[in-house]
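Visitor: Sequence plus predicted model, see below.
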Amino acid sequence: MRKNKAAKIYLWFGRRNRRLLALDFMLLAFSAFIGYSMRLSYYMGPDFSYLHDFLLAAILFPAIIIFSLYVGRAYSVFWPRAGIDEYVRLARSYAAGAVLFVAVVMLTGIFTLPRSSLVIMTMAALIMLVSERAALRLALINSQELPEGRERALIVGAGDAGSMLARDLLSNSDRIRPVGFIDDNENLRDMTVVSLPVLGNTKEIKDIIAAQAIDTVLIAMPSAPGAKIKELFGVLSPLCVKVRVLPSLAEIADGQVSVSRLRSVNLEDLLRREPIRIDDGNITSLIRRKTVLVTGAGGSIGSEICRQLLRRGPARLIALGHGEQSIYMLLETLSDTGNSIPVVPVIADVADRAAMERVFREYSPALVFHAAAHKHVPLMEENPDEALRVNALGTRNTAELAGRYGTERFVMISTDKAVHPASIMGATKRIAERLIFSVQKNHPDTKYMAVRFGNVLGSRGSVVPKFERQIAAGGPVTVTHPEMKRYFMLIPEAVSLVLQAGAMGEGGELFALDMGDPVSIAEMAETLIRLHGHEPGRDIQIKYTGIRKGEKLYEELFYDPQRADRTAHSKIFKTPFTPESGDIMPLVEDILKELAGGDLRGTDLKESIFALAGGTESDNKNRYADTEKTNDEKTG
């Protein structure tokens, strides 16, 4: 109790810089005394012969050092919470003051200062100034009343992120008390990091949690792949402890780690992969000081493309979308992040040729990222005419105008559903791929390319929000088929690879992103249920509803995986695309004309669309018939 009271008194003294300045003066004068007395004894030489020199030094040295600290803004720092940067500032200001003091003594010669005394006093002064301020931080820690019932926390990961988190918890948290680290680096075993012991590795975590009476486990491994987080969560979920995690490196863009960054484990944490390395210099040189058009800018992919483009300094960004609310929300989020680059919102339909021509005529974009499309599979089965109009005609309009108005690069966002399409959505995206490569022949100066990838987590059409709503309602969680699998990728990860592909393309390429391993939708539903603190089958039921129109059990990224080529980037493949023998756009226009005249409907319309995509609906669906039958027999 007395120790705590003494700490509060010292902290009160050091909280005001006027009092700190006075203490600095006394310590600096005392360092001058140490310098002289250690060289000349306490009597300042025979018969006090150096007493006058000492007194002048005891006044001039503190005055010059304090002047230098003041100019260096060392007295504007709140030292009880100072970090490394503040101590570096203190050292620089002190060094400047010490040099100035030596210069004054040498140039004026107003008093005698032995060289050994100079070395001793400058070293002693620096040690005392730093110790005085470090003691303020210790006083702050000791003066804090520790509330009863603080959660005992175990930090997994004793690296940079874990160390920063531990420091923040020790200094600022009155709710969580860290008791130690878990780390698989055996060199750290039985050592201390930030004054906390490394208690063992992840294989021993169960025993350590029991022995230390842990309430909360904090996973501080932002660079760890999702498989590692999933493994940890699987071990921890039965142990009745809270689990919190630091976001991935992609989310912690500023590199700052603190208690406020901790959150519950979500599905993205379990599916994250190793951080993707991209050629940022090449991408930035492609984008900087150019006008860039993004279609579908209000969507999940389009809005992330906008955000990543703006970080690379375009001259202006044309954000084009059909829905006014989504474009408005994009502008709001960009404004909240402090964006200063001009963003021009355009509300237009990519299938409206006249509207799109006005956009190209007015802004002449150097780069086009075409993300506008209808993507909802079951809805497009019921609206095939609209899917064809937007996905095919809209792509042709945008690609054609890009070539006519001198666009340098045109990058289309495609989908794995365009491979052996079994849905109208996939078929119309396949038609769109064919169309941009037929346009390439007419406009060789524009580099056209398409980038295929699978589902993205966090999109508005993702299955995850649906599962979460069903879990919140108490279930059941509906899954179409127990063997259904899909490729998944995080939105920022997918977009960074799209930009990389756009920078490396030379025109006429069809790129496909490495999506990793496909994920079982049923397993995803079970994981989400557990993430919400429930047990699948006991607390929340899973109900299988049957495959919907246009769906497949699994998706593919290539027509022929054996012919897929690697590129300079390990996560981007290039798949060969047979050059079009002729322009298929007249066939699309004929179908649209028949639609307008009411001559084409239902099955005939769908068959016409699948024929344009390079097959028939029955051909593509039959590729999966045997698999579906087998799986139905398994579950029946």
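Guide: All right, it came through fine. Numbering: from 1, shown residues only.
Visitor: Quick check: N397 touching A354?
Guide: No - counting by CB atoms under 8 Å, N397 sits too far from A354 to count as a contact (9.7 Å). Where you see a C-beta, it was placed from the backbone N, CA and C, and this is true even at glycine.
Visitor: which residues sit against stretch 83-101?
Guide: 60-61, 64-69, 71-74, 77, 79, 122, 125-126, 129-130, 133 (CB atoms under 8 Å, 6 or more residues apart in numbering).
Visitor: What residues of stretch 534-550 count as buried?
Guide: Applying a neighbour-count criterion of 16 or more other CB atoms under 10 Å, one finds H534, P536, I540, I542, I547, G550 buried in stretch 534-550.
Visitor: what's the answer for stretch 564-572, then?
Guide: Applying 16+ other CB under 10 Å to stretch 564-572 flags H569, K571, I572 as buried.
Visitor: so of the residues you listed, which ones are in strands?
Guide: I572 (DSSP state E).
Visitor: just curious, which of the buried residues of stretch 564-572 is nearest to Y448?
Guide: I572 (16.6 Å; CB to CB).
Visitor: For the closest one, list each beta-bridge partner.
Guide: L513 (DSSP bridges).
Visitor: list the contacts for it?
Guide: Counting by CB under 8 Å, 6+ apart, I572 makes contact with L497, Q500, A501, M504, F511, A512, L513, D514.
Visitor: Dump those residues into TSV; add distance to A96 and pLDDT as well.
Guide: TSV is the format used below for the contacts of I572 (distance: CB to CB, whole Å; pLDDT from 0 to 100):
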residue	distance to A96	pLDDT
L497	49	90
Q500	46	92
A501	51	90
M504	49	89
F511	55	90
A512	58	87
L513	53	87
D514	53	83
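Visitor: Just give me the closest of these to P444.
Guide: Among the contacts of I572, and counting by CB to CB, the member closest to P444 is M504, at 18.5 Å.
Visitor: What's the local residue count around that closest one?
Guide: 19 (other CB atoms under 10 Å).
Visitor: so how far is A153 from it?
Guide: 45 Å (CB to CB, to the nearest Å).
Visitor: thinking again about what came up before, which pair in the buried residues of stretch 534-550 has the greatest spatial separation?
Guide: Farthest-apart pair in those is H534 and G550; separation 31.2 Å (CB to CB).
Visitor: And stretch 159-172, what's buried?
Guide: G159, A161, G162, S163, M164, L165, A166, R167, D168, L169, L170.
Visitor: Check which helix or strand the last one maps to.
Guide: In this case it means L170. helix 160-172 (DSSP states H and E).
Visitor: What pairs with the helix or strand that comes right after that helix, parallel or antiparallel?
Guide: For helix 160-172, the following helix or strand on the C-terminal side (DSSP H and E) is strand 176-182. Sheet pairing for strand 176-182, assigned by DSSP bridges, gives strand 151-156 (parallel), strand 196-200 (parallel).
Visitor: List the contacts of strand 176-182.
Guide: 146, 150-158, 162, 166, 169-170, 188, 193, 196-202, 204-205, 208, 212, 214, 216, 218, 259.
Visitor: Now, of those, which are buried?
Guide: Of these, these count as buried by 16+ other CB under 10 Å: 152-158, 162, 166, 169-170, 188, 193, 196, 198-202, 205, 208, 214, 216, 218.
Visitor: Could you give me the PyMOL syntax to select whichever of the contacts of stretch 83-101 are buried?
Guide: A single PyMOL command suffices to select whichever of these are buried according to 16+ other CB under 10 Å:
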select buried, resi 60+61+64+65+66+68+69+72+74+77+79+122+125+126+129+133
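Visitor: Among the contacts of stretch 83-101, which lie within strands?
Guide: Among the contacts of stretch 83-101, no member lies in strands (by DSSP E).
Visitor: What does the pLDDT read for the nearest residue to A166 once chain neighbours are set aside?
Guide: Nearest non-adjacent residue to A166, counting by CB to CB, 6 or more residues apart in numbering: V194, 4.4 Å away. Per-residue confidence (pLDDT) for V194: 78.
Visitor: Can you report phi and psi for V194?
Guide: Note on V194: backbone dihedrals following degrees, to the nearest 10 are phi 50, psi 40.
Visitor: okay, stretch 195-205 in CSV with CA atoms only?
Guide: The C-alpha trace of stretch 195-205 is given here as CSV (Å, rounded to 0.1, in the frame of the first residue of the first chain):
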residue,chain,number,x,y,z
SER,A,195,8.3,-9.3,-18.5
LEU,A,196,5.9,-12.3,-19.2
PRO,A,197,7.1,-15.9,-19.3
VAL,A,198,6.8,-18.1,-22.3
LEU,A,199,5.0,-21.0,-20.8
GLY,A,200,5.2,-23.6,-23.6
ASN,A,201,4.1,-24.4,-27.1
THR,A,202,0.7,-24.9,-28.7
LYS,A,203,0.8,-28.7,-28.2
GLU,A,204,0.8,-28.0,-24.4
ILE,A,205,-1.9,-25.4,-24.5
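Visitor: among the buried residues of stretch 534-550, which are in strands?
Guide: I542.
Visitor: and the angle from the helix holding L170 to strand 151-156?
Guide: 160 degrees (axes from the mean of the first three to the mean of the last three CA atoms, to 10 degrees).
Visitor: tell me the mean pLDDT for helix 160-172?
Guide: Mean predicted lDDT for helix 160-172 stands at 80.
Visitor: Show me how this protein divides into domains.
Guide: What the record gives for the chain is the domain set 2-143, 151-271, 280-463+471-516+543-580, from automatic domain parsing.
Visitor: So which of those domains is nearest T603?
Guide: domain 280-463+471-516+543-580 (10.1 Å).
Visitor: low-confidence ranges in the stretch 251-400 of the chain?
Guide: 251-261, 273-275 (pLDDT under 70).
Visitor: in it, which spans are strands?
Guide: 263-264, 291-295, 316-321, 343-347, 367-370 (DSSP state E, counting those that start in this stretch).
Visitor: Show me what counts as buried in stretch 362-377.
Guide: Neighbour count says stretch 362-377 has 363, 365-375, 377 buried, by 16+ other CB under 10 Å.
Visitor: whoops, I mixed them up, stretch 176-184
Guide: Buried residues in stretch 176-184 (16+ other CB under 10 Å): I176, R177, P178, V179, G180, F181, I182, D183.
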